[in-house]
Structure formats: C-alpha cells, structure tokens
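Enquirer: build me a model from this:
(chains A and B)
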Protein chains: 2
Amino acid sequence: MQTVKDVGERGLIKLLRRYCSDRVGDDAALMGAMPPGYELVVTTDVLVNGIHFSETTTSAEDVGWRAAAVNLSDLAAMGATPWGVTIALGLTAATSIDWVERVYGGFTDCLQKYQTELVGGDTVRSPVITLSVTAFGQVQSNRAILRSNAQVGDAILITGAHGLSRAGLEILLHPEKANSLSAEQIAKLHRAHQRPQPRLDVPELIWQHSDRAAGMDSSDGLADAIVQICEASGVSARLDWQAIPIPTEIELVAGSKAKAIDWLLYGGEDFELVLCMPRSAAIALTQKLEEAAIIGEIVAGDINQDLDLSQSFQHF
Amino acid sequence: MQTVKDVGERGLIKLLRRYCSDRVGDDAALMGAMPPGYELVVTTDVLVNGIHFSETTTSAEDVGWRAAAVNLSDLAAMGATPWGVTIALGLTAATSIDWVERVYGGFTDCLQKYQTELVGGDTVRSPVITLSVTAFGQVQSNRAILRSNAQVGDAILITGAHGLSRAGLEILLHPEKANSLSAEQIAKLHRAHQRPQPRLDVPELIWQHSDRAAGMDSSDGLADAIVQICEASGVSARLDWQAIPIPTEIELVAGSKAKAIDWLLYGGEDFELVLCMPRSAAIALTQKLEEAAIIGEIVAGDINQDLDLSQSFQHF
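Expert: Model (predicted):
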C-alpha cells in the first residue's frame, strides 16, 4: 500500500491535480469576474480525524463528502450559490494514497452534485489528518440570509427533519439498535449521517414568496440555531412543540421519546436551514419542501432571559 | 495560565471575534460586490506546529504574521490586491489562550499593514496546532501574473535578495554564527525570517512599464520558482550568475560562498517575486525597487532537459 511518505509532497500534488479545476496551477486560483449585483460570500470549516470523523469508522469517500457538504451548507444558509472550494489537507506520513484519493473522490462528488469545483489546495505533513475547507459563493445583493434579520411576528421554519444524523450515528456505532427498522429506514438514517445534503435548493424558493429571510443552518443543532438567530436579532421565540416532527425512525432507535427529542434539538449535523420570514411566505415555502415545517414564531424579548423557552427546551 | 480547555470553544470564539471584521457572525462572511473589471483570486496555505514553525522557537506573534504573509504573498504573486482572509485554527486542549491571542495579534498586524481584514474562521480541537489560512483578492482582468505567461526573450527579474530568510533561521538556531555581523545585519536577517513582507507593492509598478508579466513568488526557493515558471510556460532559462546578488550577511553566516549560494537558490521563504517580462520593462522596474535585479533571460527549450542549467544550478 502506497503512503504519503512513498509518493512525497510533489508526487501527491501531481496526483491530486486530477481532481482540481483547470484554474489550479498558479500561486492562487484565478476565478473570473462576479456578475454585477452579486456579493461574495466566504466560509471555512475544519475536520480533524478522531474528533469530527474517525478514519476507522467513516469511509474515506464519506469524509470527503462531509467536508464539502459542511461548507456548502454554510453557503446555503447565507442564500448563496457556490462558486468554488479550496481544501488544505494535513496528512501523516503513513496515510495511504488510496485513502487520500478516495477522500478527494467523495469531496468532488459532492462538489459536482452542487455544480461547483475544487480550485485550490495545499497538502502538508501533519501528525493528525486534517481537512480545512474554504468555500466561497455569490449572493444577489439584498438577498443574503442573515441571522440578524428576524423580526417579531416571523414564522420559524425548518426545511427538513432533525435528529436523523444523530440517529444514523447511533446505528452505525450500535447496529443492533436498528433491529426494528426497515432496510429503507436504515438507509435513510445512514444517508443522513454519512451523506448530508446542503440545502442549496432552498434559497431560490424563498425569494418566490418573500423579500426577506433570516436564518442559519442547523449544523450545531436545532436548539442552537434558534438561540443564535434570536440573539443576533435581539428577539425571542415561541415554539409550537406539537409542530416539530419527530420521525418514527429516530424514536425507534432512541428507545424513548425524551431521548429522541434530545437528539432532535441537540444532535446537530442535520444541515437543514432554520428560517424566519413572514408567515404567509413560510406557509407557501413549506408547501414546496417535502419535510419542511413551521415550528414557532419570533416574539419580542431576550431569548437568554426567556425562562419559558429554556424550560420548554428541557421539558419538551 | 488559561488554556483552550478552560475557556471552551464558545468562549474562545467570543474572545477571537475582537480580531475579526464586523462581517463575521453569520454562517459565512458577506464581502460585498467586486468592482467591475476585476476577477477573484483565491489561495490557501497551512502551517503545522513542529513542521512549518515551532511553538518553542517562534514567537506567537511571528507565527501569526507568517501565516498571513505566506498567503498575501501568493496574492501578490498573482498581481492581486487582498480583499479578505479566513483562518481555521486547530488547537490542543493545553494551548494557552495567551498564545492564541498573540498569534491573532501578529496575524492581524500583518493584515492591517496590507489593508485587509480577517473575515472568518473556525476553531477546532486538534492534537497538533494547525493554522489553515485562505486569502482572497482582486485582480484587474488581463492583469493577472501567471506562471504560464513567460515568453522567449523575456528578462527574469527578482524583486529582492534571496537567502536572507535561511540565513536568519541559521542565526536564530545558532546565535554564535552571527558573531561577525553588525546589530543591523542581525536585525535584517531576523526580520527576513520572522516577518517576511509580501511584495504587494510590486504589481502596480509592473503595469507602469509592461502590459504582460509572468511570475510567482519564491516561497519554495529561487531555483524552484524559475523551474516552475519555465515548466508552465514551456520554455527554458539562461541565468546570468554574476548578476544574482549574494548579500554579504549570508556569506558571513554560511561560512562559504558555496553554502551561501545553496541557501540563495534553495533556502526558500524569501517571499520575493520572480518575474518575467520584456527587458525594457524589467530594467525600468528594477530602477524602482531597491534590491531588485535582472538575473537572466527566458530562452527556447525544455528546462528539465536543459543540462547546462541544471549543471549551472549545481556548480554556480
């Protein structure tokens, strides 16, 4: 098995060039002009082996997919369309070339699905495998989705179910917990965890119904997203707990409703969007998105002082 | 001494926000529009503790400065003006908060000097300290400096002396080797190694004299830059060895002319630009840059087959 040490930095860079856009090859990538009326959006995220993924339990392709998806989700959360992505890889001398190529395969699969490309990178020796990804995109002026844009009276909308990724992790770690699930349900949970889909389809649908939206993605959990949006907007939230969907699969894996709700609120990594916009627009949008739901309303107040809400979070 | 573990990820992010642009705070940074007639340029570089710097021998401020400068140099090498920078930090639980803040201090000092700002980041736990930086900038259309643009007959120009960074490292590791140097010479070498200056001043000067330039920075060494440019342009080079300046300080520290030349050609990390352009423009440019020199000419041929040149590299 060939390793990074065998091939050397130069050899590796040559090998990985095959996965890159033709823009690569200079000190920096030349990306061309931006269309008039658009703004640049930039985001960066790092995955560390043993912390954000495990080389031993996550397939190389999934590590790559995930590294791309996490960053594209941040662009989706801003309402932006991806333009290009860079990846900086820290690799140990013993990392196998086959593993690296499979990571790049999964990474570029995800980029291709969302019509964007790998435009630059760096490869360095490191005692731990690290993937640092920066994604940049374009958003039409005044069409950026910001956390700070929520207004009292807005409906709070989620673009899909939460808790699926956490349940997927559980059955990957403990396959016996999937005993009561159908093959289809198992595949759904695996996919939620291993192949998260950034919601780049959502922003254009929003603007068909609304001139304004606040929001972010739910990568750090649904509860966190609601708190962050409210903090940034200086408002609070009233949640309609009955309206938050608890997928059957999650309850079956969790073994109790309380645990299912915990995963749903705090599990994270679902990469859905949590959006705030006028109710009529939110209703129209949920009708276009299969698993979307309106789960509450923005109200006046300070979310961190809002005992009702924090107790609700605890007792829901 | 407070550590990353004491403060936690959230606490650390809050602390580091002080160093960031107001654009930070959403899932991604909203950078605004690009002026018409400009193109986006993107580059990324990683520094790993123990490989690209040593936490024990490099001051935190210098680590930060260097991480910024390396990336800004890549923009300069493309002829671009910096627009913004992101940093993704991998930190061990035991990393001191003071060290992290000093890194950010050095990092933003460098950004400020070159009128750019920190627009995003990510902070993760890692078994080894890692800094992944992505810089993006703007370049006027048709004013990008590419490696592949060199033409037969072009003069090869360096914007400053080479080997200084390598000599600086030497006297930092072995202070006794600086015994025959003046305080001013020592400071110059230290500065070359610890506070490299990206040549963002150069591109606008080029266009006062030329409509075309090829080039790259010399971060991986002067010899490497010449080879890379020739490879990308499908040409070879004839070097005027007498014209390559060997600073006195380097020879004094190296102890022999042969070693000084080795550092000059292969030492790397000088972050000057190596440029190819019509001779008349090159002459005009060298007159505007204090330590610039024309060191050769682009000739027809294949640099990797060019035995004269490779022997010259060895016997110079």
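Enquirer: residue ranges for the helices of chain A, please.
Expert: Taking DSSP state H, the helices of chain A run over residues A:4-16, A:60-77, A:97-113, A:164-173, A:183-194, A:202-206, A:222-233, A:248-254, A:257-266, A:279-288, A:307-315.
Enquirer: nearest to residue B:168, of the ones you listed?
Expert: Of all these, helix A:4-16 sits nearest to residue B:168, with 23.5 Å by CB to CB. Any C-beta I mention is one placed from the backbone N, CA and C, and that applies to glycine too.
Enquirer: do the closest one and chain B meet?
Expert: No: interface with chain B: helix A:4-16 contributes nothing (CB under 8 Å from any CB of the partner chain), its closest point being 10.2 Å away.
Enquirer: related to what we said a few turns ago, pipe the helices of chain A into a markdown table and attach mean neighbour count and mean pLDDT per row.
Expert: Below are those laid out as a markdown table (neighbours: other CB atoms under 10 Å in any protein chain shown; pLDDT from 0 to 100):
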| stretch | mean neighbour count | mean pLDDT |
| --- | --- | --- |
| helix A:4-16 | 15 | 86 |
| helix A:60-77 | 27 | 96 |
| helix A:97-113 | 20 | 96 |
| helix A:164-173 | 22 | 94 |
| helix A:183-194 | 17 | 96 |
| helix A:202-206 | 20 | 97 |
| helix A:222-233 | 22 | 95 |
| helix A:248-254 | 22 | 96 |
| helix A:257-266 | 19 | 94 |
| helix A:279-288 | 16 | 97 |
| helix A:307-315 | 13 | 59 |
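Enquirer: distance to residue B:9 added to the ones you listed, as TSV?
Expert: What follows is the helices of chain A, written out as TSV (distance: least, CB to CB, whole Å):
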stretch	distance to residue B:9
helix A:4-16	29
helix A:60-77	16
helix A:97-113	25
helix A:164-173	19
helix A:183-194	22
helix A:202-206	28
helix A:222-233	12
helix A:248-254	26
helix A:257-266	15
helix A:279-288	32
helix A:307-315	20
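Enquirer: of all these, which one is nearest residue B:211?
Expert: Residue B:211 lies closest to helix A:4-16 among those, at 31.4 Å (CB to CB).
Enquirer: of the helices of chain A, which is nearest residue A:143?
Expert: For the helices of chain A, the distance to residue A:143 is smallest for helix A:202-206, at 7.4 Å, taking CB to CB.
Enquirer: who are the contact partners of residue A:75?
Expert: Contact analysis of residue A:75 by CB atoms under 8 Å, 6 or more residues apart in numbering or on different chains lists A:41, A:43, A:81, A:82, A:135, A:136, A:137, A:198, A:200, B:27, B:28.
Enquirer: so the second one sits right up against residue B:29, yeah?
Expert: Looking back up the chat, that one is residue A:43. Yes: Residue A:43 is within contact range of residue B:29, at 7.1 Å (criterion: CB atoms under 8 Å).
Enquirer: list the residues that contact both of these two?
Expert: B:86, B:120.
Enquirer: closest one of the contacts of residue A:75 to residue B:282?
Expert: Distance ranking of these against residue B:282, using CB to CB, places residue A:136 first at 34.5 Å.
Enquirer: which of the contacts of residue A:75 has the most neighbours?
Expert: The residue in these with the most neighbours, by other CB atoms under 10 Å in any protein chain shown, is residue B:28 (32 neighbours).
Enquirer: ok, now which ones touch it?
Expert: Residue B:28 makes contact with A:41, A:42, A:43, A:74, A:75, A:77, A:78, A:80, A:135, A:137, B:120, according to CB under 8 Å, 6+ apart.
Enquirer: can you pull the residues of the stretch 101-250 of chain A lying near chain B?
Expert: Taking CB under 8 Å from any CB as the contact definition, the stretch 101-250 of chain A meets chain B at A:119-122, A:124-128, A:130, A:132, A:134-137, A:139, A:141, A:144, A:146-148, A:216-217, A:232.
Enquirer: redo that, cut-off 6 Å
Expert: By CB under 6 Å from any CB of the partner chain, the residues of the stretch 101-250 of chain A that approach chain B are A:120, A:122, A:124-128, A:130, A:132, A:134, A:144, A:146-147, A:216-217.
Enquirer: where does the stretch 151-300 of chain A get nearest to chain B, residue-wise?
Expert: Per CB to the nearest CB, residue A:216 is where the stretch 151-300 of chain A lies closest to chain B, at 5.2 Å.
Enquirer: that residue reaches residue A:77, doesn't it?
Expert: Yes: here residue A:216 reaches residue A:77: they are 4.9 Å apart, a contact under CB atoms under 6 Å.
Enquirer: name the residues contacting each of the two.
Expert: Taking CB atoms under 6 Å, 6 or more residues apart in numbering or on different chains as the criterion, residue A:216 and residue A:77 both touch residue B:27.
Enquirer: ok, back up a step: quick one: which of the contacts of residue B:28 is nearest to residue A:299?
Expert: residue A:77 (22.6 Å).
Enquirer: so what's residue A:169 up against?
Expert: Residue A:169 sits next to residue A:193 when contact means CB under 6 Å, 6+ apart.
Enquirer: could you check how far it is from residue A:192?
Expert: In this structure, residue A:169 and residue A:192 are 9 Å apart, going by CB to CB, to the nearest Å.
Enquirer: how about the residue of the stretch 151-300 of chain A closest to chain B: which residues does it bridge to?
Expert: Residue A:216 has these beta-bridge partners by DSSP bridges: residue A:274.
Enquirer: and the pLDDT at it?
Expert: Residue A:216 carries a pLDDT value of 97.
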